[in-house]
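Visitor: what follows is a predicted structure for the sequence shown.
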Amino acid sequence: MTALAEMIANRYGEGAAPDAAPPPNGTVAGLLERRSLRAYTDAPVPDALLRTLLACAQSAPTKSNLQQYSIVAVKDPAQRARLAPLCKRTSQIESAPLLLVFCADARRGRRICEMRGHPHTNDNLDTLLNATVDAALALGFFVVAAEAAGLRCAPLSSLRDEIEGVADVLGLPGGVFPVAGLMAGWPAAEGYVNQRLPQSVAVHTDRYDDSALEAEIDAYDRRRHAIFPQPPERQRHPGRFGHADPYYWSEGVARQLALPERAQLRDFLLRHGFALD
Ligand SMILES: Cc1cc2nc3c(=O)[nH]c(=O)nc-3n(C[C@H](O)[C@H](O)[C@H](O)COP(=O)(O)O)c2cc1C
């Protein structure tokens, strides 16, 4: 198996990969071996490197070049200390060498309309979606660049657990909301490649077709389980759903989706200057 085929096989947890081209250059290999990592050394990330990585983040495509996002780099330990109790599921808020918050930003466009004397008539769900996609792409590009530089990262939706408080601490004005945080630093562990669904599930040719989903998910569950069996302590909501044996990926997905998460987001967005029309 070529190196590229082996990386693709590992990404799906399959023994073999179809012929794949081109040969793995640094970017392709980096993407195929990317993994979220939450354990970092204490070594700082130099500001000059951070500026380069932020330039890479801003190199992402952005809807009509509107650039409807902002990134808050949280450097002040006092700010980190204020955020930590608002993101209880993430224990590294204060210690991670880098903490960035990628925000959808509809405020800047409104201000530019004011500056140029035009009305802003696009306060709607499409703007919210465009700004959210912009922020997410910037985060993705930052991750790719950071990994290429030898850093490791983990995105954080936990920053939205108490979104009102986080917006307050970061001084986010109306029209700006945190899509996701990102922590990063130099790796203190190797981490692992997390297997993805096969392309036969995630990719459709010409028309959407999930007629084989059940069999495909069963096979994916078993494949993942053979590589990473989940110990009982990592099962979701055992108090509510008990312990499953085996505990497959799809059981975890279904348990997570069975309980409402962050139901407060819609009200927050409406209060915080977004229209959902
Ligand atoms: C929008 C988004 C939010 C995420 N939020 C969290 C989070 O709050 N805490 C966390 O530990 N990981 C978080 N992750 C990381 C995912 O858990 C991780 O990407 C996923 O399990 C796949 O693993 P991998 O990135 O190692 O391939 C998030 C990822 C994304 C894209």
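Guide: Received, thanks.

Visitor: tell me the buried residues in the longest helix anywhere in the chain?
Guide: In terms of residue count, the longest helix belonging to the chain (DSSP state H) is helix 125-148. Across helix 125-148, burial judged by 16 or more other CB atoms under 10 Å covers 127-128, 130-139, 141-148. C-beta coordinates here come from the backbone N, C-alpha and C atoms, glycine included.

Visitor: helices or strands up against the helix or strand just after that helix?
Guide: Going down the chain from helix 125-148, the next helix or strand is strand 152-156, by DSSP states H and E. Under the contact definition 3 or more CB pairs under 8 Å, 6 or more residues apart in numbering; DSSP states H and E, strand 152-156 sits against helix 125-148, strand 176-185.

Visitor: hmm, who's touching strand 152-156?
Guide: 35-38, 40, 87, 90, 139, 142-143, 146-147, 180-187, 191 (CB atoms under 8 Å, 6 or more residues apart in numbering).

Visitor: mind checking if that strand is in reach of the ligand?
Guide: Yes - Strand 152-156 is in contact with the ligand by CB under 6 Å from any ligand atom, via 154-156.

Visitor: stretch 13-27 too?
Guide: No - legend: contact between stretch 13-27 and the ligand by CB under 6 Å from any ligand atom is lacking; minimum distance shown is 11.9 Å.

Visitor: Leu172 sits in which helix or strand?
Guide: Using DSSP H and E, no helix or strand contains Leu172.

Visitor: tell me what the residue lying closest to it once chain neighbours are set aside is bridged to.
Guide: Once flanking residues are discounted, Leu172 sits nearest to Cys103: 6.4 Å by CB to CB, 6 or more residues apart in numbering. Using DSSP bridges, the beta-bridge partners of Cys103 come out as Ser70, Pro178.

Visitor: how about the helices of this protein, start to end?
Guide: Along the chain, the stretches classed as helices by DSSP H are 3-12, 26-32, 47-57, 77-83, 107-116, 125-148, 163-170, 199-202, 213-227, 238-241, 249-258, 265-271.

Visitor: what lies in contact with the longest one?
Guide: Put plainly, it is helix 125-148. If you take CB under 8 Å, 6+ apart as the criterion, helix 125-148 is touched by 26-27, 30-31, 34, 52-54, 56-63, 66-69, 71, 100, 102-106, 109, 152-153, 155, 179-180, 182, 184, 269, 274-277.

Visitor: how about TSV for the helices and strands packed on strand 152-156, with distance to the ligand and mean pLDDT added?
Guide: Output for those, formatted as TSV (distance: least, CB to the nearest ligand atom, whole Å; pLDDT from 0 to 100):
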stretch	distance to the ligand	mean pLDDT
helix 125-148	7	97
strand 176-185	4	98
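
Visitor: the ones you listed into CSV, with extra columns for distance to Met115?
Guide: Below are the helices and strands packed on strand 152-156 laid out as CSV (distance: least, CB to CB, whole Å):
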stretch, distance to Met115
helix 125-148, 18
strand 176-185, 17
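
Visitor: and these: which comes nearest Ala9?
Guide: Closest approach to Ala9 among these (CB to CB): helix 125-148, 20.1 Å.

Visitor: now the angle from that closest one to helix 47-57?
Guide: Here the directions of helix 125-148 and helix 47-57 differ by 130 degrees (axes from the mean of the first three to the mean of the last three CA atoms, to 10 degrees).
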